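**Q** here is a sequence together with a model predicted from it:
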Amino acid sequence: MHQMTLAEIARGLADKKFSSEELTKNLLARIAKLDPQLNSFITLTEDLALQQAKAADARRANGETGALLGAPIAHKDLFCTQGIRTSCGSKMLDNFKAPYDATVVAKLAAAGAVTLGKTNMDEFAMGSANESSYYGPVKNPWNLEHVPGGSSGGSAAAVAARLLPAATGTDTGGSIRQPAALTNLTGLKPTYGRVSRWGMIAYASSLDQGGPLARTAEDCAILLQGMAGFDQQDSTSIDEPVPDYSASLNGSLQGLRIGVPKEYFGAGLDPRIADLVMASVEALKKLGAVVKEISLPNMQHAIPAYYVIAPAEASSNLSRFDGVRFGHRCENPKDLIDLYKRSRGEGFGPEVQRRIMVGAYALSAGYYDAYYLKAQKIRRLIKNDFMAAFNEVDIILGPTTPNPAWKLGAKNSDPVAAYLEDVYTITANLAGLPGLSMPAGFVDGLPVGVQLLAPYFQEGRLLNVAHQYQLNTDWHTRTPTGF
Ligand code: GLN
């Protein structure tokens with residue numbers, strides 16, 4: 001049962017081969033048995049899941065249909081869930097129960113999805129390895145000594161290990177695409193503004209975007225359909241109709257213009273990954289695509305710009321966690337300043353503290369122009385590079401990450417080494433563009449992802465290309481041993 005994709009589950013439920021309740025019980029038992037090895041969940045919501053599953057079965061019995069009606073999913077633990085802990089992977093919010101559901105949570109629940117639990121993540125979504133979580137690291141099901149990527153590492157590990165078919169994630173600089181690549185999943189970061197950020201605990205508000213992690217593009221289409229749409233509660237949500245993503249999967253790739261940026265193949269890229277990327281290009285050519293070399297000349301400035309902008313926004317967003325308005329409060333404070341200092345010092349882990357300090361520094365008087373304003377100008381140049389490229393091509397293709405999953409602890413002493421792994425993903429966030437990572441092969445038994453980028457609101461095109469690729473390759477069907 002656990003091998004089924006969302007699409008297969010929807011068919012099975014429609015054909016009455018099994019009920020959502022049976023499926024939910026089956027997966028909850030599987031999680032109880034296998035998750036101790038992975039640590040992919042922070043909170044399990046068995047009671048809620050069974051209640052939602054029964055309700056979904058009743059709705060189907062009444063003649064209702066829908067691809068998500070009765071489908072088991074999980075939420076990254078930064079989507080607020082009413083009455084259920086939303087920890088953001090932090091001691092700061094270890095006892096925080098939101099008084100409301102995030103829009104994404106509410107929309108998926110209304111579509112009949114069944115929430116099995118809340119998944120582990122890097123603390124406040126800061127990281128690329130899921131090692132900064134207060135709840136301990138997540139293991140990669142492909143090799144338990146390796147990281148699953150981050151910050152949506154719990155969602156990725158759980159879906160890759162077939163504990164459930166799909167989960168939500170968020171992507172500020174790659175946190176959906178990078179863990180998808182490192183665990184052999186398909187993950188989609190939508191256009192900025194496509195999915196509501198209301199009730200999604202903010203890391204860097206101008207970059208954050210929620211999206212789906214699943215095994216196939218077909219399933220990403222189903223989950224995205226349930227997540228996307230205008231929301232009055234989010235001032236950056238875009239009031240554009242949501243297309244039928246599943247209907248876009250079957251378009252022909254004849255004449256599709258793929259751009260491959262020459263800057264993607266510089267030093268730092270594992271040559272075996274470069275070979276797999278080129279093999280994916282060949283596979284798409286066979287389907288009728290034409291390939292062109294393009295240039296994104298400002299890409300080299302993306303990491304420094306991102307690691308100023310994201311911490312700057314984080315330093316402001318995280319000021320609310322002060323032990324008074326939100327979050328952990330220290331014992332016996334001497335006075336108000338002591339309360340703030342010790343509550344924040346105890347509640348936040350080292351990576352979060354580092355980013356708050358970097359961000360506060362970059363925003364301070366005298367440094368603002370030199371760092372923050374400069375970074376914003378680079379951001380514009382990066383967007384301009386993409387706009388120029390999309391005049392010539394329909395889609396941009398390259399590696400999702402320069403290396404496969406590294407060993408747990410390997411980059412702990414050197415944060416910048418981990419930041420460099422984000423080189424291919426962060427440009428899409430800086431420009432607000434949609435991006436998708438899809439499975440494209442293995443290096444030393446570890447999965448490798450290929451990233452596709454498209455113009456604004458062309459999520460359907462990304463899903464179409466990935467789906468056609470998946471109809472003609474079988475990387476995405478490979479299952480990690482032991483799961
Ligand atoms: N790895 C990046 C960071 O640490 C991206 C994280 C994310 O997308 N949430 O900031």
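**A** Alright, I've got the coordinates. Remember, predicted model here, so these are calculated numbers, not experimental data.
**Q** use CA for all of it now, contacts and neighbours both
**A** Fine.
**Q** what distance do you get for the residue of the stretch 251-400 of the chain found nearest the ligand to Asn298?
**A** The ligand sits closest to Ala310 of the stretch 251-400 of the chain, with a gap of 6.8 Å, by CA to the nearest ligand atom. As judged by CA to CA, to the nearest Å, Ala310 and Asn298 stand 18 Å apart.
**Q** what about those two, which has more around it?
**A** Remark: of Ala310 and Asn298, Ala310 carries more neighbours, 25 against 18, as counted by other CA atoms under 10 Å.
**Q** buried ones in stretch 410-427?
**A** Across stretch 410-427, burial judged by 16 or more other CA atoms under 10 Å covers Ala418, Tyr419, Glu421, Asp422, Val423, Tyr424, Thr425, Ile426, Thr427.
**Q** got a list of what the residue nearest in space to the middle of the chain touches?
**A** Closest to where the C-alpha atoms of the chain average out (CA atoms, centre = their mean) is Ile176, at 2.1 Å. When contacts are counted by CA atoms under 8 Å, 6 or more residues apart in numbering, Ile176 touches Gly150, Ser151, Ser152, Gly169, Thr170, Gly187, Leu188, Lys189, Gly211, Pro212, Leu213.
**Q** which of these come close to the ligand?
**A** Residues of the contacts of Ile176 in contact with the ligand (CA under 6 Å from any ligand atom): Ser151.
**Q** and which of the contacts of Ile176 is nearest to the ligand?
**A** Distances from the ligand to those, taken as CA to the nearest ligand atom, are shortest for Ser151 (5.2 Å).
**Q** hmm, back to that, just the ones of the buried residues of stretch 410-427 in helices?
**A** Ala418, Tyr419, Ile426, Thr427 (DSSP state H).
**Q** the third one and the ligand: what is the separation?
**A** I take that to be Ile426. Separation of Ile426 from the ligand (CA to the nearest ligand atom, to the nearest Å): 7 Å.
**Q** could you do the last one as well?
**A** Thr427 sits 11 Å away from the ligand when distances are taken as CA to the nearest ligand atom.
**Q** what's the pLDDT at that residue?
**A** For Thr427, the model assigns a pLDDT of 98.
**Q** can you verify my assumption that it contacts Ala302?
**A** Yes: using CA atoms under 8 Å, Thr427 is in contact with Ala302, at 6.1 Å.
**Q** give the intersection of the neighbour lists for those two.
**A** Ile382.
**Q** who in the stretch 301-450 of the chain is up against the ligand?
**A** So the stretch 301-450 of the chain meets the ligand at Asp422 (CA under 6 Å from any ligand atom).
**Q** between the contacts of Ile176, which is nearest Glu46?
**A** Using CA to CA, Gly169 comes nearest to Glu46 of the contacts of Ile176, at 20.3 Å.
**Q** what's around that closest one, how many residues?
**A** 33.
**Q** check Gly63 too.
**A** Neighbour tally, Gly63, other CA under 10 Å: 9.
**Q** who are the neighbours in contact with the residue lying closest to Leu420 once chain neighbours are set aside?
**A** What sits nearest to Leu420 in space, not counting adjacent residues and going by CA to CA, 6 or more residues apart in numbering, is Ile303, at 7.1 Å. Contacts for Ile303 (CA under 8 Å, 6+ apart) come out as Tyr419, Leu420, Asp422, Val423, Ile426.
**Q** what's the closest of those to Pro99?
**A** Nearest to Pro99 among those: Ile426, at 32.2 Å, using CA to CA.
**Q** contacts only, for the closest one.
**A** Ile426 touches Thr172, Gly173, Gly174, Ala302, Ile303, Tyr306, counting by CA under 8 Å, 6+ apart.
**Q** if you set the cut-off to 7 Å instead, what comes out?
**A** Going by CA atoms under 7 Å, 6 or more residues apart in numbering, Ile426 touches Gly173, Gly174, Ala302.
**Q** for Thr119, same thing?
**A** Neighbouring residues of Thr119 by CA under 7 Å, 6+ apart: Ser40, Phe41, Ile42, Thr43, Ala74, His75, Lys76, Asp77, Gly154, Ser155.
**Q** then Ser133?
**A** Residues near Ser133 by CA under 7 Å, 6+ apart: Gly89, Ser90, Met121, Asp122, Glu123.
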